[in-house]
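Peer 1: whatever this is, show me its structure:
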Amino acid sequence: MAVLKSQIDRDAPSFAANASAYGALLADLFEKYEWALAGGGAKMIARHHQRDKLLVRDRIDLLVDPLTPFLELSPLAAWGIYGNSLPSAGIVTGIGTVRGVTCVIIANDATVKGGSFYKETVRKHIRAQDIAWENRLPVVYLVDCGGANLQNLEDVFPDQEHFGGTFYRQCRMSAEGVPQLAAVFGECTAGGAYIPALADEFVMVAGNSSIHLGGPQIVKAAISEVVDRDTLGGAAMHATVSGVADHYAASEREAISRLRDMVGALNYAQPLSGDVRMASQPLYDIADLPGVVGTDLTRPLDQREIIARIVDGSEFHEFKPLFGETLVCGFAHIEGLPVGIIANNGVLFSNSTLKGVHFIELCDQRSVPILFLQNTTGFMVGSDAERGGIAKNSAKLVYAVSNARVPRYTLVTGGSYGAGNYGMSGRGFRPRFMFMWPNARLGGMNPDVGSSVLMDLRRASISRNAATVEELAAYEADLRHMFESKSDPYYCTARIWDDGIIDPRDTRTVLALCLATGAMRPSIQANRPVYRM
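Peer 2: As a prediction, the model looks like this:
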């Protein structure tokens, strides 16, 4: 297979300038990670420890197999919302290996608002369940949950994608043979009680854990019965009297050990499908990516430079290299796993769009998963583009993406704007995973175009609503700030429009974990016809 040749001069001043500028972005990212890792803060952590409870990520560390990775998803959920009082949306989700089985782990952080569910908490929980469902991964729930936040019930209770949607998914997955396991570490009241109750098998911890549809306060108000929490729904009662609990543990560590044994008893084989090979390192150092990419999205960047630093041996079988040059397509392997890559090298013209459609058909025919590397302002506009059929041709790409039967993965390496986001498998098209780099931007229009369009409309209305030059300038500044702030990667990840912002230097590892997850379930279903454009 052909080997990519990098054109980057590591000794050039521009490389050092790019690396320095990107270093500031990474420092900001790591600072925000610290916010997520701090949970509810020192006071709440101290109270947690006083109750002999482990922190949520410590529980996960004990649960997953030693020296295996845990891919945490959306760690910066709820960043900048609620006055930054809801780190990670009060829940930690991710993918890890337990007793050799790849599982989705969903763990409440009781140091954050008692583990109660806000809108973003529900979204993050559901997103993790959907990943498990689509990839048929067992789900392990580490439950320490205060149920739905009662002051925000309109955002978490009534709709199909609210709190009830988590239980619906849990029931459907269990019925389809996707295991649902749980350990209860704290109080599970009302809706929170259904997480363990709907699990196929679960364990409760003595002392701190309890399960009850109505807590002591509700019982007293409803039927005038005075009862303490442990008598009402403690671990001993549920393990020996009600039979609700399947296992009883004297400590959290024992509960986690029992949980690991449950996974070990699943008899859940996960063989990899596809042309899996021995992995080899890229010829070019992935640590160079900050210097390669930089922070200036207006500077042209050949995505082959990124591909050369993430694929095995920097080997890349490029498809139609002389046609539709603003879209790079080709086959490669990442950590031994096959992948087709579709990457933007600028605006999408009709020829590059049709090239992408053809390549998706090939990947679909060959059962090769597809990785989209997004960096585009969108599809070409103008009279020449419209005469060339860009409306229909861009629709063909959207159609091909929507109907591809192979797993799709998306990484935003630069800009992701307008319909280009759709054609390149944006979140609305349900890629298996989607990540962003800290330099990335995502929005309906880039700030230049968006503010220009709205300014033209504003000027056109001056005859009806006169404005001074100063007022127009202030209005334009507000527009630009609006577009820039709402396309910021942290604005996006806070609302769980992606699965997290990652350090570019971790890209190969993250993509390999995602590809391996998708390779555990064959993608082509025999009863589905092959589409042709």
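Peer 1: so what's the residue count around the spatially closest residue to S485 that is not a sequence neighbour?
Peer 2: Excluding its sequence neighbours, the residue lying closest to S485 (Cβ to Cβ, 6 or more residues apart in numbering) is Y491, at 6.3 Å. Yep, even glycine has a C-beta here, placed from its N, CA and C like the rest. Other residues within reach of Y491, judged by other Cβ atoms under 10 Å, total 18.
Peer 1: over to L513?
Peer 2: 20.
Peer 1: list the buried residues of stretch 279-294.
Peer 2: Residues of stretch 279-294 classed as buried by neighbour count (16 or more other Cβ atoms under 10 Å): 282-284, 286, 288-294.
Peer 1: what does that stretch contact?
Peer 2: With contact meaning Cβ atoms under 8 Å, 6 or more residues apart in numbering, stretch 279-294 is reached by 3-4, 6, 8, 10, 14-19, 21-23, 26, 301, 305-306, 308-314, 333, 335-336, 413-414, 437, 439, 504-505, 507-508.
Peer 1: check stretch 234-241 too.
Peer 2: With contact meaning Cβ under 8 Å, 6+ apart, stretch 234-241 is reached by 184, 204-207, 209-211, 230-231, 244-245, 247-249.
Peer 1: rerun at 10 Å
Peer 2: For stretch 234-241, the external contacting residues (Cβ atoms under 10 Å, 6 or more residues apart in numbering) are 184, 196-197, 202-212, 228, 230-231, 244-250, 255.
Peer 1: give me the buried positions along it.
Peer 2: Counting neighbours by 16+ other Cβ under 10 Å, one finds that the buried residues in stretch 234-241 are 234-235, 237-239.
Peer 1: mind listing the helices for the stretch 151-300 of the chain?
Peer 2: 153-156, 163-175, 191-197, 216-223, 229-233, 235-237, 252-264, 289-293 (DSSP state H, counting those that start in this stretch).
Peer 1: in the stretch 401-533 of the chain, where is pLDDT below threshold?
Peer 2: Low-confidence regions of the stretch 401-533 of the chain, defined here as pLDDT under 70, cover residues 450-455, 462-466, 522-533.
Peer 1: low-scoring stretches of the protein, by residue?
Peer 2: Applying pLDDT under 70 to the chain flags the ranges 450-455, 462-466, 522-533.
Peer 1: using PDB, list the CA coordinates for the top strand by length along the chain.
Peer 2: Looking across the chain with DSSP state E, the single longest strand is strand 408-417. Presented in PDB, the C-alpha positions along strand 408-417 are these (Å, rounded to 0.1, in the frame of the first residue of the first chain):
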ATOM      1  CA  ARG A 408     -19.400   5.600  11.000                       C
ATOM      2  CA  TYR A 409     -17.100   7.700  13.200                       C
ATOM      3  CA  THR A 410     -16.600  11.500  13.100                       C
ATOM      4  CA  LEU A 411     -13.800  13.700  14.200                       C
ATOM      5  CA  VAL A 412     -14.000  17.500  13.800                       C
ATOM      6  CA  THR A 413     -10.400  18.600  13.100                       C
ATOM      7  CA  GLY A 414     -11.300  22.200  12.100                       C
ATOM      8  CA  GLY A 415     -14.500  23.800  10.900                       C
ATOM      9  CA  SER A 416     -17.800  22.000  10.600                       C
ATOM     10  CA  TYR A 417     -20.400  24.400   9.200                       C
END
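Peer 1: identify whichever of the helices of the stretch 151-300 of the chain lies nearest to R51.
Peer 2: Between R51 and these, the shortest gap by Cβ to Cβ is with helix 252-264, which sits at 10.2 Å.
Peer 1: may I see the buried residues of the closest one?
Peer 2: Quick answer for helix 252-264 (16+ other Cβ under 10 Å): 252, 254-260, 262-263.
Peer 1: now swap in stretch 174-192 and tell me
Peer 2: For stretch 174-192, the neighbour count (16+ other Cβ under 10 Å) marks 178-192 as buried.
Peer 1: tabulate the CA atom coordinates of that stretch in CSV.
Peer 2: Taking Å, rounded to 0.1, in the frame of the first residue of the first chain, the C-alpha atoms of stretch 174-192 are listed here in CSV:
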residue,chain,number,x,y,z
SER,A,174,-32.2,-6.5,28.3
ALA,A,175,-35.0,-8.0,26.1
GLU,A,176,-32.6,-8.2,23.2
GLY,A,177,-29.9,-9.9,25.2
VAL,A,178,-27.7,-7.0,25.9
PRO,A,179,-26.8,-7.5,29.6
GLN,A,180,-27.7,-4.9,32.2
LEU,A,181,-25.8,-5.1,35.5
ALA,A,182,-25.7,-2.8,38.5
ALA,A,183,-24.2,-2.0,41.9
VAL,A,184,-26.0,0.3,44.3
PHE,A,185,-23.8,2.5,46.5
GLY,A,186,-26.3,5.1,47.7
GLU,A,187,-29.9,6.0,48.0
CYS,A,188,-32.1,5.1,45.1
THR,A,189,-35.5,6.8,45.4
ALA,A,190,-38.5,7.0,43.1
GLY,A,191,-37.2,6.9,39.5
GLY,A,192,-33.7,6.2,40.7
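Peer 1: circling back to that earlier point, any chance of a markdown table for the helices of the stretch 151-300 of the chain, columns distance to P369?
Peer 2: Output for these, formatted as a markdown table (distance: least, Cβ to Cβ, whole Å):
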| stretch | distance to P369 |
| --- | --- |
| helix 153-156 | 34 |
| helix 163-175 | 22 |
| helix 191-197 | 31 |
| helix 216-223 | 49 |
| helix 229-233 | 45 |
| helix 235-237 | 43 |
| helix 252-264 | 26 |
| helix 289-293 | 22 |
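Peer 1: name the helix or strand for T102, please.
Peer 2: strand 101-108 (DSSP states H and E).
Peer 1: to clarify, my last question referred to S20.
Peer 2: helix 13-37.
Peer 1: re the thing from before, need the buried residues of helix 252-264 in CSV with distance to V328, can you?
Peer 2: Shown next, in CSV, are the buried residues of helix 252-264 (distance: Cβ to Cβ, whole Å):
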residue, distance to V328
E252, 49
E254, 53
A255, 49
I256, 45
S257, 49
R258, 50
L259, 44
R260, 44
M262, 45
V263, 41
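Peer 1: report how many residues lie close to N351.
Peer 2: Neighbourhood size, N351 [other Cβ under 10 Å]: 16.
Peer 1: which residue sits closest to it, ignoring its sequence neighbours?
Peer 2: Distances taken as Cβ to Cβ, 6+ apart put G324 closest to N351, at 4.1 Å, once the chain neighbours are dropped.
Peer 1: for that neighbour, what are its contacts?
Peer 2: Taking Cβ under 10 Å, 6+ apart as the test, what G324 contacts is 345, 348-356, 358-359.
Peer 1: one more time with 8 Å, if that's ok
Peer 2: G324 sits next to 349, 351-356 when contact means Cβ under 8 Å, 6+ apart.
Peer 1: hmm, back to that, nearest to K43, of the helices of the stretch 151-300 of the chain?
Peer 2: For the helices of the stretch 151-300 of the chain, the distance to K43 is smallest for helix 252-264, at 20.7 Å, taking Cβ to Cβ.
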